[in-house]
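> have a look; sequence and predicted model below, questions after that.
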Amino acid sequence: MKLLGHHVAVPALLLALVDGILFLGTLYALGFAGTCQVCAYASATHLEFYEAAFLATAFVLICASIGLYNRDALLGFRVFVQRFVLATQFVWIPAVLVMGIAKAAADAPFGWYLGILTINIALFFAVLFVIRIILLWVVDLPMLKRRILIVGDAPQADAVGHFIATHGGSHLRSVGHLRQLYVVQDTPIASGNVALQSQVAFHAAPLLQIAQSVRAEEIVVAPSDRRGTPMWQLLDCKLQGIRVTDYLSFWERETGQIDLDVVGPGWLATAEGFRLDMARRIIKRSLDIFVSLVGLVVGLPIGLLVALVIRLEGKGPLFYRQERVGRDGQVFWIWKFRSMRVDAERDGVPRWAGVTDDRTTRVGRFIRRVRIDELPQVFNVLRGDMSFIGPRPERPYFVEQLRKQIPLYDLRHRVRPGITGWAQVNHPYGASLEDTKRKLAFDIYYVKNQDMILDFAILLQTVRVMLFSHGGR
């Protein structure tokens, strides 16, 4: 379904809603609606409704930032358990700290309170875990999945079927694949004394009749030749309440990327998106400045610690600067904490960083994995070279090569590059031409659909990337 202009999978929305309601109900049980005479620590948990709603929202955002509502957590039980356990720590540790500090400040014995609080949190997550398992079973029921009928004989039609079978199983179900809507037969035709054969095509059955027979809710169209597409029949289906979607729109909606092997400037020019008006840029720039100033204060202790361990590991500069290509192709200097040896490119030839790059130092491998090496880029954001959210800036040497090999590559330069972005939270670091094409598919999706909601979602997902070291090189 569409929420605030963005498509959200119904199972993820349902799980987040249940989590929030259950958390709010737990706070209610602890007495926020009024004074609770029998609660073990009512005086410490008495909350107004808006305060309880704020805490419930914060809890859901914590779960979202860890990736508990992502597709891989819905489809993989091991991934779900891993992230669920981490979510308990993100709730339990702050709650115990706040309770301990509050009771210590009141000069009250807090050991008993902490024990009761720990038991309550454990019980809450035990109930939540059982409910989540039940919900994961419920959302996997075929009756709750969107029924998709695929129409077309192009390779993209097979890609849709494969996606539904592997990644879309949490909310989609394929109910059929019609490669063609007509049957071709050889019909003999007499021309004088010569018998000829002619191929005659006729419709096997109306598309609406087929779609209704399999109870399709959406038809995804991916023909190899659009001239043979039965537009009137598709319109008839649409008028009967069946959603009709072309392949590119389906792929963008479900995967969060643009298929670069199929898309052309014609579709991008007429499709919804690319809202790059001045008002949005001013708002985003103002937020960048504000967040940068906050980041300087919050990140200063971490930055000092990183600088110390880099210095202790050996000689060499603390920072590393490198030319990168920014908005409208402008070249600027990007700053990072140094994570590689001083002689990493002693031959003068730029190289992509690999998974096991022998040029990185021991400290460098860690700070790259958790993305701490990028803290100095806050100054690039303040200068206006970068934004917090946007496509990752690439080196001029690689940009010149990629422009020649990948169509539409320069579209990513229509916005400021970012410290984190849609491609960074969805795909590992690009260490090859193929990786770069995959990341460009996400980058163009971001440029096309960027707004404050998508930026906020990227910030939440960045927490998951840092916690699990996804994509660090």
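Nice, I can see it. Keep in mind that this is a model prediction, so the values were computed, not measured. Residues are numbered from 1 along each chain as shown.
> any stretches of the protein with poor pLDDT?
Residue ranges of the chain with pLDDT under 70: 1, 3-5, 30-47, 106, 108-110, 112, 181-205, 343-358, 429-431, 469-473.
> which SSE is immediately downstream of the longest helix belonging to it?
As assigned by DSSP state H, the longest helix anywhere in the chain is helix 278-313. Counting by DSSP states H and E, the next helix or strand C-terminal to helix 278-313 is strand 319-325.
> how far out from the middle of the chain is the helix or strand following that next one?
Later in the chain than strand 319-325, the nearest helix or strand by DSSP H and E is strand 331-337. For strand 331-337, the separation from the chain centroid amounts to 26 Å (computed by CA atoms, centre = their mean, to the nearest Å).
> the longest helix of the chain packs against which elements?
Contacts defined by 3 or more CB pairs under 8 Å, 6 or more residues apart in numbering; DSSP states H and E place helix 278-313 against strand 331-337, helix 362-369, helix 377-383, strand 387-389, helix 452-468. (Glycine included, C-beta is placed from N, CA and C.)
> between the first one and helix 362-369, how many degrees?
Spelled out, that is strand 331-337. Using axes from the mean of the first three to the mean of the last three CA atoms, to 10 degrees, the inter-axis angle of strand 331-337 relative to helix 362-369 is 120 degrees.
> for strand 331-337, buried residues please.
F332, I334, W335, K336, F337 (16 or more other CB atoms under 10 Å).
> run through the neighbouring helices and strands of it.
So strand 331-337, by 3+ CB pairs under 8 Å, 6+ apart, packs with helix 278-313, strand 319-325, helix 377-383.
> strand partners (parallel or antiparallel) of it?
strand 319-325 (antiparallel) (DSSP bridges).
> send the alpha carbons of the partner strand over as CSV?
This file holds the C-alpha atoms of strand 319-325, laid out as CSV (Å, rounded to 0.1, in the frame of the first residue of the first chain):
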residue,chain,number,x,y,z
PHE,A,319,43.1,12.4,7.9
TYR,A,320,42.9,11.4,4.2
ARG,A,321,41.5,13.7,1.5
GLN,A,322,40.6,12.7,-2.0
GLU,A,323,39.0,14.3,-5.1
ARG,A,324,35.3,13.4,-5.6
VAL,A,325,32.6,14.4,-8.1
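> centre of the chain to it, how far?
From the chain centre to the centre of strand 319-325 is a distance of 27 Å (CA atoms, centre = their mean).
> again with stretch 6-18
Mean C-alpha position of stretch 6-18 versus that of the full chain (CA atoms, centre = their mean) differs by 14 Å.
> buried set for that stretch?
Neighbour counts over stretch 6-18 (16+ other CB under 10 Å) mark A9, P11, A12, L14, L15, A16, V18 as buried.
> so how many other residues sit close to the residue nearest to M99 when sequence neighbours are not counted?
Spatial nearest neighbour of M99, chain neighbours left out: L117 (5.4 Å); criterion: CB to CB, 6 or more residues apart in numbering. L117: 22 surrounding residues under other CB atoms under 10 Å.
> which of the residues in stretch 217-237 are buried?
For stretch 217-237, the neighbour count (16+ other CB under 10 Å) marks 217-223, 229-230, 233-234, 236-237 as buried.
> with stretch 440-456 instead?
By 16+ other CB under 10 Å, the buried positions in stretch 440-456 come out as 440-450, 454-455.
> list just the nearest of those residues to R179.
For those, the residue nearest R179 by CB to CB is A441; the value is 25.9 Å.
> so who does that closest one touch?
Q257, I258, D259, L260 (CB atoms under 8 Å, 6 or more residues apart in numbering).
> so V342 sits right up against G316, yeah?
Yes: between V342 and G316 there is a contact under CB atoms under 8 Å: 4.6 Å.
> surely K448 meets A269?
No: between K448 and A269 there is no contact, the gap being 11.1 Å when judged by CB under 8 Å.
> before we move on, the earlier item: switch the helices and strands packed on helix 278-313 over to TSV; also include distance to V60.
What follows is the helices and strands packed on helix 278-313, written out as TSV (distance: least, CB to CB, whole Å):
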stretch	distance to V60
strand 331-337	33
helix 362-369	28
helix 377-383	28
strand 387-389	21
helix 452-468	10
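> and the buried residues of strand 331-337, which is closest to L22?
F337 (41.4 Å).
> residues in contact with that closest one?
Neighbour list for F337: 303, 306-307, 310, 318-320, 367, 372-376 [criterion: CB under 8 Å, 6+ apart].
> circling back to that earlier point, so which of the buried residues of stretch 440-456 belong to helices?
Those of the buried residues of stretch 440-456 mapping onto helices are L440, A441, F442, D443, I444, Y445, Y446, V447, K448, N449, L454, D455, per DSSP H.
> for those, give me TSV that also has distance to R132.
Putting these into TSV (distance: CB to CB, whole Å) gives the following:
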residue	distance to R132
L440	36
A441	32
F442	29
D443	34
I444	35
Y445	29
Y446	30
V447	35
K448	34
N449	30
L454	26
D455	28
